[in-house]
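> Got a predicted structure here, sequence first:
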Amino acid sequence: MQAFELADLMAQCRRSDQPYLEFLRELACSVGLYMLPAGGIDRQQPHSEDEVYYVVSGQGAIQVAGEDRAVAAGSIIYVAAGVEHRFHSISSDLAILVFFAPAEGSNAEGNNKRPGD
């Protein structure tokens with residue numbers, strides 16, 4: 001069994017000084033924690049895999065394929081592979097669980113793009 005505590009993952013992500021912490025990788029999926037500060041800029045590019053975001057805490061908005069939507073704790077967003085998307089208008093620090101299927105970078109042609117890249 002692999003089990004994780006969100007508080008521990010958040011502390012580890014903060015210590016790394018990186019916005020994204022992948023904490024689970026299997027062939028069929030990968031899972032990470034993405035943290036963006038209030039007023040922060042999400043610089044990610046489209047990914048080669050489908051992904052689901054679950055907003056754990058914070059408030060802001062996300063734009064997916066030109067469509068904007070407010071997000072807050074409890075929001076769940078699906079983004080298909082290759083679709084342009086980014087979080088914006090972050091008014092309260094965002095903590096987001098990111099689920100990739102298959103595992104992030106599996107479908108990329110020699111290029112692993114993580115949230116924040």
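Received the coordinates, thanks.
> What ranges in the protein fall below the confidence cut-off?
Across the chain, the ranges flagged by pLDDT under 70 are 109-117.
> Show me where it has its strands.
Under the criterion DSSP state E, the chain contains strands at 20-25, 30-36, 50-64, 67-72, 76-79, 85-101.
> from these, which stretch is densest packed?
strand 30-36 (a mean of 23; mean count of other Cβ atoms under 10 Å). Where you see a C-beta, it was placed from the backbone N, CA and C, and this is true even at glycine.
> Just want the angle from that strand to strand 85-101.
Inter-element angle recorded for strand 30-36 and strand 85-101: 160 degrees (by axes from the mean of the first three to the mean of the last three Cα atoms, to 10 degrees).
> ok, and what's touching strand 30-36?
6, 9-10, 13-14, 19-24, 42, 53, 58, 60, 87, 90, 93-100, 103-104, 114-116 (Cβ atoms under 8 Å, 6 or more residues apart in numbering).
> Next: stretch 60-76.
Outside stretch 60-76, the residues touching it (Cβ under 8 Å, 6+ apart) are 36, 52-59, 77, 79, 83-92, 94.
> Look up how far residue 11 lies from the nearest residue to residue 22 once chain neighbours are set aside.
Taking Cβ to Cβ, 6 or more residues apart in numbering, and ignoring the residues beside it in sequence, residue 22 has residue 32 as its nearest neighbour in space, at 4.1 Å. Distance, residue 32 to residue 11, by Cβ to Cβ, to the nearest Å: 15 Å.
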